[in-house]
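Undergrad: could you work out the structure for the sequence below:
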Amino acid sequence: MPSHIEDYALIGDCHTAALAARDGSIDWLCVPRFDSGACFAALLGRPEHGRWLLAPANGVRACRRRYRPGTLVLETEYETDDGAVTLVDCMPPRRDTPALVRLVVGTRGRVAMRMQLIIRFDYGSIVPWVRRAEGGGIWAIAGPDALALDTPVETRGEDLTTVAEFAVSAGERVPFVLHWHPSHATRPERIDAERAISSTERWWQTWSSRCSFQGPWRDPVVRSLITLKALTYAPTGGIVAAPTTSLPEQLGGTRNWDYRFCWLRDATFTLYALMISGFADEARAWREWLLRAVAGDPSQIRTLYGVGGERWLPELELEWLPGYEGAAPVRIGNQAHRQFQLDVFGEVMDSLHVERRFGSDRDENTWHVQRVLLDFLETVWQHPDEGIWEVRGPRQHFTHSKVMAWVAVDRMVKAVEHFGMDGPVERWRQLRAEIHRDVCRNGFDATRNTFVQSYGSRHLDASLLMIPLVGFLRPHDPRVRGTVEAIERELLHDCFVRRYSTDSGIDGLPPGEGAFLACTFWLADNLTLLGRSDDARRLFERLLQLRNDVGLLSEEYDLVTKRSLGNFPQAFSHVALVNTASNLSRAAGPAAQRAEHAS
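TA: Next up is the predicted model:
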């Protein structure tokens with residue numbers, strides 16, 4: 001049986017990521033970049049597509065795991081009838097190529113251990129050639145990829161896998177180091193596992209110690225920020241939505257997407273989460289990535305990009321993979337990169353506005369990019385689009401999309417008014433007012449006192465919670481209050497918010513998915529702005545309970561099976577956690593700061 005999604009922990013080196021299960025199996029490793037082929041399993045818990053297992057050979061009575069404080073160094077403790085061992089996993093700060101370090105430490109008695117290494121490149125489709133390496137270990141090669149395993153343990157081949165049996169006594173320490181490198185390049189220099197773990201621990205502790213958040217939820221905030229850092233591609237500053245693909249939004253369903261890309265709509269939330277927490281360098285790198293990504297003809301702006309700013313991300317189905325717990329198809333790439341989504345213009349403008357508010361230098365090139373984008377937006381804001389949820393049905397006049405078009409214009413007006421930038425501000429003020437009237441006239445259902453998903457629709461949408469959060473209307477406006485109450489009645493289930501009713505067929509997909517965690521955080525933010533602080537805190541505490549044992553959140557939550565759903569760990573969920581914690585801990589958190597623009 002595959003492990004549950006929440007059974008995994010993340011390790012990474014800010015270039016590469018791996019997921020390690022409770023049972024000692026690493027079932028997912030992407031190298032050398034998030035958007036390249038997997039060395040191990042394309043789907044969690046399916047060993048025929050690759051895995052690296054290190055575990056007690058004769059069963060486990062108890063298993064406990066944790067990250068070393070302030071780090072991404074994972075420790076898993078196993079209790080057996082014969083004794084106890086601790087497995088330490090990490091990926092050291094990057095040199096030229098990634099390395100995955102595992103150390104088995106005997107803590108009590110003498111424990112028999114087993115290792116199984118199944119190397120499959122290119123999403124589980126290619127079995128490499130394997131040979132013994134000089135000085136111990138093995139070397140595996142296929143096409144452009146090569147892996148080298150260094151260990152003092154004697155290994156042997158068995159049914160196209162590499163296996164080993166060994167025992168570890170109290171005080172003994174047995175290292176394993178796996179190096180990836182291009183097959184045409186020289187094999188990487190061997191590294192000392194003990195030193196690598198120590199240096200990795202120091203590196204993460206130095207980084208996380210910069211966190212300035214001092215509220216009552218500091219521990220989950222720090223863990224979320226470490227997760228965001230791990231999902232950063234250090235050479236460019238891009239932050240991927242998740243390190244995985246095709247983990248389903250419904251068990252056995254078809255809503256299975258590749259999230260190993262950078263979404264523009266995450267920009268403002270991410271900037272706030274980083275800046276208010278003391279990580280200005282990472283925020284600046286994310287902003288620079290953003291500017292490079294959107295450069296060019298504004299009509300060609302994308303919803304999502306590769307970690308280097310790549311725009312061509314064709315979606316393919318890997319028919320040889322059966323999918324996680326029957327969910328199919330398995331996809332790589334994402335068709336949404338070709339969609340038209342108005343909301344991204346608002347996110348780009350808002351994120352650059354946030355940068356100015358936090359004191360970034362005046363940049364004429366940035367302002368030129370903004371003006372070009374707004375010139376284009378003026379010509380297309382009245383067009384239908386695919387919306388924030390990237391529907392695969394017909395384009396609609398989504399209310400949230402129009403609100404974010406208003407945000408784009410509003411932030412340009414504010415740039416002139418507050419920061420002395422130049423531009424036809426009177427024309428922009430008129431456009432801002434026109435969009436505002438259009439939304440209030442066509443996106444609001446007066447008989448129900450709520451905004452609706454799209455013009456003329458009766459459906460609700462959790463994205464409407466953004467209306468006060470971006471300052472379109474004040475939080476205490478009766479229309480906002482009515483919308484929040486309607487979402488609580490119709491989309492809130494067992495304290496958690498669904499994005500919208502998938503039974504409506506609006507997204508062109510079969511119905512069914514879990515509650516969306518980021519939307520639930522948005523509801524907590526709205527409750528805070530409405531003065532319902534106790535309700536907001538209770539909701540936030542419920543959300544914290546959905547983290548797994550090492551503090552990680554997925555994208556969605558299944559209210560029936562009580563399981564995590566979607567790609568994991570999910571950056572947007574952790575960004576929302578940081579921002580909501582800040583909103584609850586201070587009078588002027590991100591929600592209040594964004595809402596100050598309200599009309």
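
Undergrad: for the biggest strand by length in the chain, which positions count as buried?
TA: Criterion DSSP state E: the longest strand present in the chain is strand 99-118. Judged by neighbour count (16 or more other C-beta atoms under 10 Å), strand 99-118 contains these buried residues: 99-107, 111, 113, 115-118. C-beta coordinates here come from the backbone N, C-alpha and C atoms, glycine included.

Undergrad: quick one: distance of the following helix or strand past it to the chain centre.
TA: Later in the chain than strand 99-118, the nearest helix or strand by DSSP states H and E is helix 121-124. With C-alpha atoms, centre = their mean, to the nearest Å as the basis, helix 121-124 stands 22 Å off its chain's centre.

Undergrad: give the buried residues for helix 121-124.
TA: Buried-residue list, helix 121-124, by 16+ other C-beta under 10 Å: 121-124.

Undergrad: output that helix as PDB - backbone C-alpha positions only.
TA: C-alpha atoms of helix 121-124 as PDB (Å, rounded to 0.1, in the frame of the first residue of the first chain):
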ATOM      1  CA  PHE A 121      15.400   7.600 -14.100                       C
ATOM      2  CA  ASP A 122      12.900   9.700 -16.100                       C
ATOM      3  CA  TYR A 123       9.800   9.200 -14.000                       C
ATOM      4  CA  GLY A 124      10.300   5.600 -13.300                       C
END
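
Undergrad: what residues does the next helix or strand after that helix touch?
TA: Next along the chain after helix 121-124, taking DSSP H and E as the criterion, comes strand 129-132. Applying C-beta atoms under 8 Å, 6 or more residues apart in numbering, the external contacts of strand 129-132 come out as 119, 138-142, 157, 162.

Undergrad: what subset of these is buried?
TA: Here, 16+ other C-beta under 10 Å leaves 119, 138-142, 162 buried among the contacts of strand 129-132.

Undergrad: closest to residue 381 among those residues?
TA: Of all those, residue 381 sits closest to residue 142, with 49.6 Å by C-beta to C-beta.

Undergrad: show me the beta-bridge partners of the closest one.
TA: Residue 142 has these beta-bridge partners by DSSP bridges: residue 145.

Undergrad: and the residue lying closest to residue 305 once chain neighbours are set aside, how many neighbours?
TA: Computed as C-beta to C-beta, 6 or more residues apart in numbering, the closest residue to residue 305 that is not its neighbour in sequence is residue 293, at 4.6 Å. Around residue 293 there are 24 other residues, counting by other C-beta atoms under 10 Å.

Undergrad: which residues does residue 293 contact?
TA: Counting by C-beta under 8 Å, 6+ apart, residue 293 has contacts 238, 262, 264, 302, 305, 309.

Undergrad: of these, which is the most crowded?
TA: Going by other C-beta under 10 Å, residue 262 tops the contacts of residue 293 with 31 neighbours.

Undergrad: that residue and residue 432: what is the separation?
TA: 28 Å (C-beta to C-beta, to the nearest Å).

Undergrad: next secondary structure after the helix ranked longest in the chain?
TA: Longest helix of the chain, by residue count under DSSP state H: helix 399-419. Downstream of helix 399-419, the next assigned helix or strand under DSSP H and E is helix 425-442.

Undergrad: chain center to that following helix: distance?
TA: The mean C-alpha position of helix 425-442 is separated from the chain mean by 34 Å, C-alpha atoms, centre = their mean.

Undergrad: need the residues that contact that helix.
TA: 374, 378, 381-382, 397, 399, 402-403, 405-406, 409-410, 412-413, 416-417, 455-456, 472, 479, 599.

Undergrad: can you do 10 Å?
TA: Here helix 425-442 makes contact (C-beta atoms under 10 Å, 6 or more residues apart in numbering) with 374, 377-378, 381-382, 397, 399-417, 424, 446, 451-452, 454-456, 467, 472-473, 479, 599.

Undergrad: just the buried members of those?
TA: 374, 377, 381, 397, 399-416, 451-452, 454-455, 467, 472-473, 479.

Undergrad: what's near enough to touch residue 106?
TA: 83-86, 113, 167-174.

Undergrad: gap between residue 596 and residue 414?
TA: Residue 596 is 10 Å from residue 414, by C-beta to C-beta.

Undergrad: check the contact lists of those two and give me the overlap.
TA: Contacts common to residue 596 and residue 414, judged by C-beta under 10 Å, 6+ apart, are residue 471.

Undergrad: pLDDT below threshold where in the chain?
TA: 1-2, 31-45, 361, 587-588, 595, 597-599 (pLDDT under 70).

Undergrad: quick one, domains of it?
TA: 5-207, 210-595 (automatic domain parsing).

Undergrad: for the first one, measure first residue to last.
TA: Looking back up the chat, that one is domain 5-207. 27 Å (C-alpha to C-alpha, to the nearest Å).

Undergrad: kindly report the same for stretch 141-158.
TA: 17 Å.

Undergrad: again with stretch 142-159
TA: 17 Å.

Undergrad: so how far is that stretch off the chain centroid?
TA: The answer for stretch 142-159 is 31 Å, by C-alpha atoms, centre = their mean.

Undergrad: what's the answer for stretch 535-549, then?
TA: Relative to its chain's centre, stretch 535-549 lies at 18 Å (C-alpha atoms, centre = their mean).

Undergrad: how about that stretch, which residues are buried there?
TA: Buried residues in stretch 535-549 (16+ other C-beta under 10 Å): 535-537, 539-540, 543-544, 546-548.

Undergrad: only alpha carbons, please: show it as CSV.
TA: Taking C-alpha atoms only, stretch 535-549 is exported to CSV below (Å, rounded to 0.1, in the frame of the first residue of the first chain):
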residue,chain,number,x,y,z
ASP,A,535,-13.5,32.8,15.8
ALA,A,536,-10.4,33.5,13.8
ARG,A,537,-8.1,32.0,16.4
ARG,A,538,-10.2,28.9,16.8
LEU,A,539,-10.2,28.4,13.0
PHE,A,540,-6.4,28.9,12.8
GLU,A,541,-5.8,26.4,15.6
ARG,A,542,-7.9,23.8,13.7
LEU,A,543,-5.8,24.5,10.6
LEU,A,544,-2.6,23.9,12.7
GLN,A,545,-3.9,20.5,13.7
LEU,A,546,-3.8,19.5,10.0
ARG,A,547,0.0,19.7,9.9
ASN,A,548,1.7,16.4,10.0
ASP,A,549,4.0,15.3,12.7
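
Undergrad: residue 348: what secondary structure?
TA: Following DSSP: H, G, I helix; E, B strand; the rest coil, residue 348 is assigned to helix.

Undergrad: report how many residues lie close to it.
TA: For residue 348, using other C-beta under 10 Å, the count is 26.

Undergrad: same check, this time on the one 5 residues further on
TA: Counted by other C-beta under 10 Å, the residues lying close to residue 353 total 24.

Undergrad: what sits closest to it if chain neighbours are left out?
TA: Once flanking residues are discounted, residue 353 sits nearest to residue 411: 4.1 Å by C-beta to C-beta, 6+ apart.

Undergrad: where's the one you found relative to residue 504, distance?
TA: 32 Å.

Undergrad: and if you look at residue 107?
TA: 55 Å.

Undergrad: now do the strands in the stretch 151-300 of the chain.
TA: Along the stretch 151-300 of the chain, counting by DSSP state E, counting those that start in this stretch, strands occupy 156-158, 161-169, 173-182, 232-233, 238-239, 262-263.

Undergrad: which of these is buried the deepest?
TA: With neighbours defined by mean count of other C-beta atoms under 10 Å, none of the strands of the stretch 151-300 of the chain is more surrounded on average than strand 262-263, at a mean of 28.
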